[in-house]
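Undergrad: Here is a sequence together with a model predicted from it:
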Protein chains: 2
Amino acid sequence: MKLVLDAMGGDFAPAETVAGAVQYAREGNHTVILVGDKTAIRQELEKYDTAGLDLPIVHAPDAVAMDEQPAMAVRRKKNNPMVVGMKLVRDGHADAFCSVGNTGAVLTAGHMVFRRMRGVYRSVLTVAFPNAKGFHVCGDVGANTDCKPEWLVQWAHMLAIYAKPLLDIQEPRVAFLANGEEVGKGNQLIKTAQVLMAQRNHLNYIGVVEPKEMMAGQADVVVTDGFTGNMIVKQSEAVANFIFQTLKEELMARSRSKIGAALARPAFQSSLDRLTNKEHGAGLLLGLNGLVTVAHGRSKRESIYYALKTTGRLVEADVLEETRHKIETLLHLQASLQEKAS
Amino acid sequence: MKLVLDAMGGDFAPAETVAGAVQYAREGNHTVILVGDKTAIRQELEKYDTAGLDLPIVHAPDAVAMDEQPAMAVRRKKNNPMVVGMKLVRDGHADAFCSVGNTGAVLTAGHMVFRRMRGVYRSVLTVAFPNAKGFHVCGDVGANTDCKPEWLVQWAHMLAIYAKPLLDIQEPRVAFLANGEEVGKGNQLIKTAQVLMAQRNHLNYIGVVEPKEMMAGQADVVVTDGFTGNMIVKQSEAVANFIFQTLKEELMARSRSKIGAALARPAFQSSLDRLTNKEHGAGLLLGLNGLVTVAHGRSKRESIYYALKTTGRLVEADVLEETRHKIETLLHLQASLQEKAS
């Protein structure tokens, strides 16, 4: 396994990115190519015993400044870690690229370097989301604000392929997200997508779910447009913050509950851990000719380690090849349906 | 003040609806006309000392059965409490109608009885939503799944009128909901709505907010399409349930934290109260020739009381007349802009 990590990505780079890479390399004799400012990365590496570990550095000095628009900067600065790192994968020097943070920049660089996979309408951004029973995979969560129904149907198939190794299940239950659980619910986009889903080609399609069912864990793959998906993810974070803030204020307002809160601290921490989703925290950018994962910009070493682990699992499952195959099957099927119809 | 209450609406009718009405009538010498099954309502009324209170009953025996599609039932059964109650308002016997639960039925009955206000593109469903600083008004939260940008602009003006008495502020800050806080963020709908907002006509328009800012209380009125709005409301409820369920499980899994949880119970209850939003729990259906509020289907007496109180405050502020006036001003403005442009 040979992964590339954007060592300069996220809020705590390169200290936390390098630490996460060391942990992952140590675990399974994996190679992690660290891309970024070589001096800064070397300084971090020196803090660890890396004897016997394969952690090569590839110098990519063009940092994206705080005041730059990241997608623009990626285009202009060809020696930035994202573009350099992705090229290593494209040119066969590594299996996959793990980025940290800035989704806009990842999208731009990913399309520049890898190009979209043949037959894929649009690339799609996905995340694993905690629910009452475990996790589900949700997408699009922000790559495309205005979508077409046939894109959603294609994404349903693509997400199902990635969900298998990611959630470790054989037949992921696939659903569209809607404002109700009955057939025919949704806006025009979701209504049409439901009709198109007739050509479901061996997908375990279960119809539409509303947020309540999604959070109850009734689907493994939840497909939506990138505007709604992005809002759902952001609103969930905002509500969670709001609730914990409110709880904290109320707990601190009373001396009895202050004691209660102190006693209950480990339980609070466990709840937070289940919500913050460290283990499945990395998103995926699907539909390109290269495997790209996206760890949260606020990732610390543990999350980076899990992001690399997720990336590795996807490489092992050869999801890219399976996606290529599925897209071609769908295109053939569509062509033969159109032939029959005409 | 003369309000009409659907005494048969919601999960706990008529016991809780009647109890809420008694409390409201007692407080300010208000009249509440109770519409529904007269025997059932009378039985509930007998439980209270109603001497000197004005709580007339209007018999409307056509109950909507559990297995009926509510919107259909409202159309077929002309003597159901919703239609009968709204007609009392339409015909001048009362000032406003307060319904409980089933939004689909309220929408159908409201349009049947009141008709849409002249110049209003579409009616809009709104709720008051808790945030870190208090409350904001959000709409559309479910009346229209597929929207046009000019509808959103009109709703911005309409919601601002209602937000004034509802939140007790003079110049509500109005924003569109989007997937980022920069100008130009959003899907095509929100982007175009931002451009159209140029004709903002004395509105305190502050641009777009994303969920984080919305939950931080940076806007008083948040405008969105009815699909996104409905999803935001439903996802918020689902996430809140998920968090409290997770917390409960984690707290009960440890004996120390069990004690902690017991000590912290009042703080938990306060947090829940802030979230469940009893005092602002009633939604509004705007854009009809009649004032219609919608209390949550799970409302108990206290929430019914507050729903009636909210309804009364809107009657006092004469929001219906102000809306009529604003819509006409906007139409005039639009016409004169078009004249200039041609």
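TA: Arrived safely, thanks for sending.
Undergrad: quick one, strands of the stretch 101-250 of chain A?
TA: A:124-131, A:134-139, A:174-177, A:205-209, A:221-223 (DSSP state E, counting those that start in this stretch).
Undergrad: most neighbours per residue, which of those strands?
TA: Here the criterion is mean neighbour count by mean count of other C-beta atoms under 10 Å in any protein chain shown, and of these the winner is strand A:221-223, at a mean of 30. C-beta coordinates here come from the backbone N, C-alpha and C atoms, glycine included.
Undergrad: Okay, now the sheet partners of that strand, with direction.
TA: strand A:134-139 (parallel), strand A:174-177 (parallel) (DSSP bridges).
Undergrad: Quick one: the strands of the stretch 101-250 of chain A as JSON lines, columns for mean pLDDT too.
TA: Compiled in JSON lines, the strands of the stretch 101-250 of chain A are given as follows (pLDDT from 0 to 100):
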{"stretch": "strand A:124-131", "mean pLDDT": "93"}
{"stretch": "strand A:134-139", "mean pLDDT": "94"}
{"stretch": "strand A:174-177", "mean pLDDT": "96"}
{"stretch": "strand A:205-209", "mean pLDDT": "94"}
{"stretch": "strand A:221-223", "mean pLDDT": "98"}
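Undergrad: Which stretch among these approaches B:M215 most closely?
TA: strand A:124-131 (18.2 Å; C-beta to C-beta).
Undergrad: does any part of the closest one sit near chain B?
TA: Yes. Contact of strand A:124-131 with chain B (C-beta under 8 Å from any C-beta of the partner chain) involves A:130-131.
Undergrad: Which neighbouring elements make contact with that strand?
TA: strand A:134-139, helix A:149-167, helix A:211-215, helix A:226-252, strand A:283-286 (3 or more C-beta pairs under 8 Å, 6 or more residues apart in numbering or on different chains; DSSP states H and E).
Undergrad: between that strand and helix A:226-252, how big is the angle?
TA: Orientation note: strand A:124-131 sits at an angle of 30 degrees relative to helix A:226-252 (axes from the mean of the first three to the mean of the last three C-alpha atoms, to 10 degrees).
Undergrad: relative to helix A:149-167, how tilted is strand A:124-131?
TA: Using the same axes, to 10 degrees: strand A:124-131 against helix A:149-167 is 50 degrees.
Undergrad: Sheet partners, orientation included, of strand A:124-131?
TA: Using DSSP bridges, the strands paired with strand A:124-131 are strand A:134-139 (antiparallel), strand A:283-286 (antiparallel).
Undergrad: Tell me which of the ones you listed sits nearest to A:Y24.
TA: strand A:283-286 (17.4 Å).
Undergrad: Whichever residue of the stretch 1-150 of chain A sits closest to chain B: what's it in contact with?
TA: The stretch 1-150 of chain A approaches chain B most closely through A:T145 (4.0 Å), counting by C-beta to the nearest C-beta. With contact set as C-beta atoms under 8 Å, 6 or more residues apart in numbering or on different chains, A:T145 has these partners: A:225-227, A:230, B:179, B:186-188.
Undergrad: For the residues you listed, which two are the farthest from each other?
TA: Farthest pair in the contacts of A:T145 (C-beta to C-beta) is A:N230 and B:Q188. Separation: 14.5 Å.
Undergrad: can you list the weak-confidence ranges in the stretch 151-300 of chain A?
TA: For the stretch 151-300 of chain A, applying pLDDT under 70 flags the ranges A:182-184, A:199-201, A:277-278.
Undergrad: same thing but 90
TA: By pLDDT under 90, the low-scoring segments of the stretch 151-300 of chain A are A:179-185, A:197-202, A:241, A:243-282, A:296-298.
Undergrad: The residue of the stretch 1-150 of chain A closest to chain B and A:L177: what is the separation?
TA: Using C-beta to C-beta, to the nearest Å, one gets 15 Å for the distance from A:T145 to A:L177.
Undergrad: Quick one: the helices in the stretch 1-150 of chain A, in order.
TA: Assigned by DSSP state H, counting those that start in this stretch, the stretch 1-150 of chain A shows helices spanning A:15-28, A:38-45, A:70-76, A:81-90, A:103-114, A:149-167.
Undergrad: Compare the contacts of A:T145 and tell me which has the most neighbours.
TA: Within the contacts of A:T145, neighbour counts (other C-beta atoms under 10 Å in any protein chain shown) peak at A:D225, which reaches 29 neighbours.
Undergrad: surely that residue meets A:A143?
TA: No. Counting by C-beta atoms under 8 Å, A:D225 does not reach A:A143; the two are 10.0 Å apart.
Undergrad: Can you give me the end-to-end span of stretch A:286-306?
TA: 19 Å (C-alpha to C-alpha, to the nearest Å).
Undergrad: in that stretch, what's buried?
TA: The neighbour-count check on stretch A:286-306 (16 or more other C-beta atoms under 10 Å in any protein chain shown) flags A:286-296, A:299-301, A:303-306 as buried.
Undergrad: now for chain A, which residue lies nearest the mean position of the chain?
TA: Closest residue to the average C-alpha location of chain A: A:G283 at 0.9 Å, with C-alpha atoms, centre = their mean.
Undergrad: got the contact list for A:K148?
TA: By C-beta under 8 Å, 6+ apart, the residues touching A:K148 are A:121, A:189.
Undergrad: Got phi/psi on it?
TA: Here is the backbone geometry of A:K148 (degrees, to the nearest 10): phi -110, psi 150.
Undergrad: got the contact list for stretch A:159-170?
TA: Contacts of stretch A:159-170 (C-beta under 8 Å, 6+ apart): A:124, A:126, A:128, A:134-137, A:139, A:172, A:174, A:203-204, A:220-221, A:223, A:280, A:284, A:286, A:310, A:313-314, A:316-317, A:319, A:322-323, A:326.
Undergrad: I'd guessed A:F12 sits against A:H296; true?
TA: No. Taking contacts as C-beta under 8 Å, A:F12 lies outside contact range of A:H296: 10.8 Å.
Undergrad: For A:V106, give me its contacts.
TA: A:82, A:99, A:285, A:292, A:294.
Undergrad: In these, find the pair that's most separated.
TA: A:M82 and A:L285 (11.7 Å).
Undergrad: Comparing these two, which shows the higher neighbour count?
TA: Neighbour count, other C-beta under 10 Å: between A:M82 and A:L285, A:M82 has more, with 32 against 25.
Undergrad: Which residue, neighbours along the chain excluded, lies closest to that one?
TA: Distances taken as C-beta to C-beta, 6 or more residues apart in numbering or on different chains put A:A109 closest to A:M82, at 4.2 Å, once the chain neighbours are dropped.
Undergrad: How about the residues of the stretch 101-250 of chain A by chain B?
TA: A:130-132, A:142, A:145-146, A:177, A:179, A:186-188, A:210-212, A:214-216, A:225, A:227-228, A:230-232, A:234-247, A:250.
Undergrad: For chain B, see how far away A:H325 is.
TA: Using C-beta to the nearest C-beta, to the nearest Å, A:H325 is found at 32 Å from chain B.
Undergrad: Secondary structure class of that residue, three-state.
TA: Per DSSP: H, G, I helix; E, B strand; the rest coil, the local secondary structure of A:H325 is helix.
Undergrad: hang on, the residue nearest to the centre of chain A packs against A:V124?
TA: No. No contact is recorded between A:G283 and A:V124 when judged using C-beta under 8 Å, the distance being 10.3 Å.
Undergrad: So chain A: which segments form each domain?
TA: A:1-120+A:287-319, A:128-276 (automatic domain parsing).
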